[in-house]
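Asker: Let's see this in three dimensions:
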Amino acid sequence: MPKSFPFIALLSLGCSLLHAGDEPRSPDPKTLVPTEAERNARLGWWREARFGMFVHWGVYSTLGGTWKGHAVKGYGEHIQRVLKIPIPVYLREVAGAFNPTQFDPEEWIRLAKQAGMGYFIITAKHHDGFAMFDSKVSEHTVVKATPFAKDPMVALREACRKQGLKFGFYYSHAFDWGEENSPGNDWDYGNPGGDKLLHGRSWWNEDKGFLAKARSYVDGKAIPQILELIHDYHPDILWFDTPHKLPPEETLRILQAVRKADPNVVVNGRAVADVPDLVLGDYRNTADRPSEFPPQKGDWEGIPTTNESYSYNQNDHSHKSVSFFIRLLAKAAARGGNILLNVGPRGDGKIDSADIAILKGMGDWWKINGESIRGTSRTPLPVQAWGESTRKGNRLYLHVFRWPDDGLLRIGGLKTPIAKAWLLADPGKSLGVEGTVITLPAAAPDPADSVIAVDCAGEPQADDHRLLVTNAGVDTFRTSDARLQGGLKYGPGKSRDAWVFDWKTTGDSVIWPVKADRRMAYDVSIVYDAPAGVRNAIVEGDAGREKATDGAGAGGIYSVSCGEWRVEKPVKTGANVTESLGRLIVNPGEQEMHIRAVKVSGEELFRPRALELTPVIDR
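Answerer: Numbering: from 1, shown residues only. The predicted structure follows:
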């Protein structure tokens, strides 16, 4: 996820932009904040869907991550920037070879529908600046500049309407490598809107030439193409990206144009970089490729991709399992969010077999369990040792990832009596219930996520204490699910940064409220990262070359405690450090589990990821 640019006063709200006189003025951000009624009206279908398909497909897909023998890691759609392919060469040899003769829009949308997806978003223009639709604004389009010479968006829109899916576009409004006046292309034109951008520096104030180029690009290409998409295709949603690559007043003008053209279209949270205390899009997005979800307020969407690239990359075989995505979908819905799962079709128009296997696997699960996701809302329950939960009115859906070995599912935190419980895989048979304990059959119906529907006797009420149990295997207490005290921050949530960071003082702590209904014993371990030194450099990020501090000299002494039990350890430097903390004996009752700082001797203490509690024996 691109880092948000600090708006330092947003260049003083409403000030005149590039020139005096009749130049357009920057809209006041406050005038673009949707009212609650506007957001509710736009987001009704989006909240109901909970699950959508993201597609990154462009002329770069033909390369599959390799150009003249050079393979790129990571995002295949960034190959032009990474290898600095000149625009004339890119147009002649890449766009000139794009001819997806195997493209079948009906198959794409059928796969999405069968997987349980309710909406579909495809790249109309990515950072390469090439329009995958019939744009009259540019000559660099799939209709004018490729052998394919057709507009695939018309067929995809019609297939979505036929299958009942909402349809929308990804449009890279702030990052464009394809035109002389566009931001981002610093290898052909020296435009500093791309890789030369350093976070935390108002570079646009220092380069008035770029300000003029940015205005020319926005007025001459970005806004006209976005208006084409709205007027010609009538999308339900527009998905923007990398807003920090343009001066903030320009992204505000783009958002203003969208709202004026179609007040009903949904706009994601990356149209404009974060403004303190203002939410200008209709919902927020997580980091790219999330594996965990830090606490999110309001409406939000996670955007995983099947491997580590968004477009097709033949060099990337890191596809996650079907189970990973099923559980990620349940975790998002439990926290009130959507999942927009990305696939990257090949340049010939076929969806890769590895992606098809994931989609079909999710579809098999969805046929039985889809009601536990579609139309649900944030759960009132805390995270459970066995999995997650979602809610629909007075009904809870228990997503059991780890089947209890004694056949007894204990529901932590629930205060409302249970009227009835049953497996979605066997809806005709009620399960035995005693208090908040459900008796299960011996075997789990689904190894990834078996869902139990629970009708409560009234509106479900719960407390925030996580129930400790010993019958569901290792209980992982993720720091992304903890309460933070002091100046600590949640990491973005990718596998590489699913931690808590910026631990500067002994007053900071990580806290989980827990409850035990009997005496229990666990072997406890901690997983953390502790960077050895400071590196402040330009690195390859998700949206080009970014300024990032990769490490901050971790060091010190930490403690972990629960009730009367407490252990101190010195920090060891390294990534994914796992340390044993010994045997924890838990007594009955409510208490808190803490990670605290005893001494901070580095730039930060460390970056904890999780505590792992392995049951030893019931006592």
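
Asker: In stretch 140-153, which residues are buried?
Answerer: Of the residues in stretch 140-153, those scored as buried under the neighbour-count criterion (16 or more other CB atoms under 10 Å) are 140-143, 145-146, 148, 151-153. (Each C-beta comes from the backbone N, C-alpha and C, glycine too.)

Asker: Ignore what I typed, I meant stretch 221-231.
Answerer: Taking 16+ other CB under 10 Å as the basis for neighbour counts, the residues of stretch 221-231 that come out buried are 221-223, 225-230.

Asker: Same question for stretch 564-584.
Answerer: Within stretch 564-584, the residues that qualify as buried are 565, 567, 571, 573, 577, 579, 581, 584, counting by 16+ other CB under 10 Å.

Asker: The second one against Ser559, yeah?
Answerer: Think Val567. Yes - Val567 is in contact with Ser559 according to CB atoms under 8 Å; the separation is 6.5 Å.

Asker: can you give me the helices in this structure?
Answerer: 36-49, 79-82, 87-89, 105-115, 152-163, 203-206, 208-217, 223-233, 248-261, 322-334, 353-369 (DSSP state H).

Asker: among those helices, which is nearest Ala442?
Answerer: helix 353-369 (18.8 Å; CB to CB).

Asker: of the buried residues of stretch 140-153, the lowest pLDDT goes to which?
Answerer: Within the buried residues of stretch 140-153, the minimum per-residue pLDDT falls on His140 (95).

Asker: what are the bridge partners for the nearest residue in space to Pro29 that is not next to it in sequence, then?
Answerer: Here the nearest residue to Pro29 in space, its sequence neighbours aside, is Val275; by CB to CB, 6 or more residues apart in numbering that works out to 5.0 Å. Going by DSSP bridges, Val275 is paired in beta bridges with Leu278.

Asker: Ok, Leu341 next?
Answerer: Applying DSSP bridges to Leu341 gives these bridge partners: Met53.

Asker: rewinding a little: ok, now how distant is the residue nearest to Pro29 from Leu252?
Answerer: Separation of Val275 from Leu252 (CB to CB, to the nearest Å) stands at 9 Å.

Asker: Who has more neighbours out of these two?
Answerer: In this comparison of Val275 against Leu252, neighbours counted by other CB atoms under 10 Å, the higher total goes to Leu252 at 25 against 19.

Asker: That one against Ala273, yeah?
Answerer: No - applying CB under 8 Å, one finds Leu252 not in contact with Ala273, separated by 9.9 Å.

Asker: hmm, back to that, want to throw the buried residues of stretch 221-231 into JSON lines with pLDDT and distance to Pro105?
Answerer: Converted to JSON lines, the buried residues of stretch 221-231 look like this (pLDDT from 0 to 100; distance: CB to CB, whole Å):
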{"residue": "Lys221", "pLDDT": "95", "distance to Pro105": "26"}
{"residue": "Ala222", "pLDDT": "96", "distance to Pro105": "26"}
{"residue": "Ile223", "pLDDT": "97", "distance to Pro105": "28"}
{"residue": "Gln225", "pLDDT": "98", "distance to Pro105": "21"}
{"residue": "Ile226", "pLDDT": "98", "distance to Pro105": "22"}
{"residue": "Leu227", "pLDDT": "98", "distance to Pro105": "24"}
{"residue": "Glu228", "pLDDT": "98", "distance to Pro105": "20"}
{"residue": "Leu229", "pLDDT": "98", "distance to Pro105": "17"}
{"residue": "Ile230", "pLDDT": "98", "distance to Pro105": "21"}
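
Asker: CSV please, covering these and showing distance to Ser525.
Answerer: CSV is the format used below for the buried residues of stretch 221-231 (distance: CB to CB, whole Å):
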residue, distance to Ser525
Lys221, 54
Ala222, 50
Ile223, 54
Gln225, 53
Ile226, 51
Leu227, 56
Glu228, 56
Leu229, 51
Ile230, 53
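
Asker: What separation is there between Pro404 and Leu440?
Answerer: When distance is defined by CB to CB, Pro404 is 7 Å away from Leu440.

Asker: repeat for His244
Answerer: 49 Å.

Asker: Show me which of these two is the more surrounded one.
Answerer: More crowded of His244 and Leu440, by other CB under 10 Å: His244, with 24 against 21.

Asker: Outline the domain layout of this protein.
Answerer: With domains defined by automatic domain parsing, the chain comprises 44-372, 387-463, 475-618.

Asker: Centre of the chain to the second one, how far?
Answerer: Pointing back at domain 387-463 there. 28 Å (CA atoms, centre = their mean, to the nearest Å).

Asker: Endpoint to endpoint, that domain covers what distance?
Answerer: The straight-line separation of the ends of domain 387-463 (CA to CA, to the nearest Å) is 17 Å.

Asker: now swap in the first one and tell me
Answerer: One end of domain 44-372 sits 18 Å from the other (CA to CA).

Asker: now it: how far from the chain's centre is it?
Answerer: So, by CA atoms, centre = their mean, the centroid of domain 44-372 is 13 Å from its chain's centroid.

Asker: Redo the helices of the chain as CSV? Include distance to Pro417.
Answerer: Converted to CSV, the helices of the chain look like this (distance: least, CB to CB, whole Å):
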stretch, distance to Pro417
helix 36-49, 28
helix 79-82, 58
helix 87-89, 67
helix 105-115, 36
helix 152-163, 41
helix 203-206, 60
helix 208-217, 61
helix 223-233, 50
helix 248-261, 47
helix 322-334, 22
helix 353-369, 25
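
Asker: who wins for proximity to Leu423 among these?
Answerer: Nearest of the helices of the chain to Leu423, taken as CB to CB: helix 353-369 at 9.2 Å.

Asker: how about the closest one: buried residues?
Answerer: By neighbour count, with 16+ other CB under 10 Å as the criterion, the buried positions of helix 353-369 are 355-356, 358-359, 361-363, 365-366, 368-369.

Asker: so which two of those residues are the farthest from each other?
Answerer: The largest distance within those, taken as CB to CB, falls between Asp355 and Ile368 and amounts to 21.8 Å.

Asker: okay, and for the stretch 51-200 of the chain, where does confidence drop off?
Answerer: Residues of the stretch 51-200 of the chain that meet the criterion pLDDT under 70 lie in 180-184, 186-187, 189-200.

Asker: should've said the chain
Answerer: 1-24, 180-184, 186-187, 189-208, 534-552, 618-619.

Asker: So which residue is smack in the middle of it?
Answerer: For the chain, Gly302 is the residue whose C-alpha lies nearest the centre (CA atoms, centre = their mean; 2.8 Å).

Asker: That one touches Leu340, doesn't it?
Answerer: Yes - under the criterion of CB under 8 Å, Gly302 makes contact with Leu340 at 7.1 Å.

Asker: and Gly336, how many neighbours does it have?
Answerer: For Gly336, the neighbour count with other CB under 10 Å is 20.

Asker: What sits closest to it if chain neighbours are left out?
Answerer: In space, Gly336 is closest to Arg378, 3.4 Å off (CB to CB, 6+ apart).

Asker: do you know how far the one you found is from Glu93?
Answerer: 49 Å.

Asker: Gln384 is nearest to which of the helices of the chain?
Answerer: When the helices of the chain are ranked by distance to Gln384, counting by CB to CB, first place goes to helix 322-334 at 9.7 Å.

Asker: ok, back up a step: for the buried residues of stretch 221-231, name the two members farthest from one another.
Answerer: Comparing every pair within the buried residues of stretch 221-231 by CB to CB identifies Lys221 and Ile230 as the most remote, at 15.0 Å.
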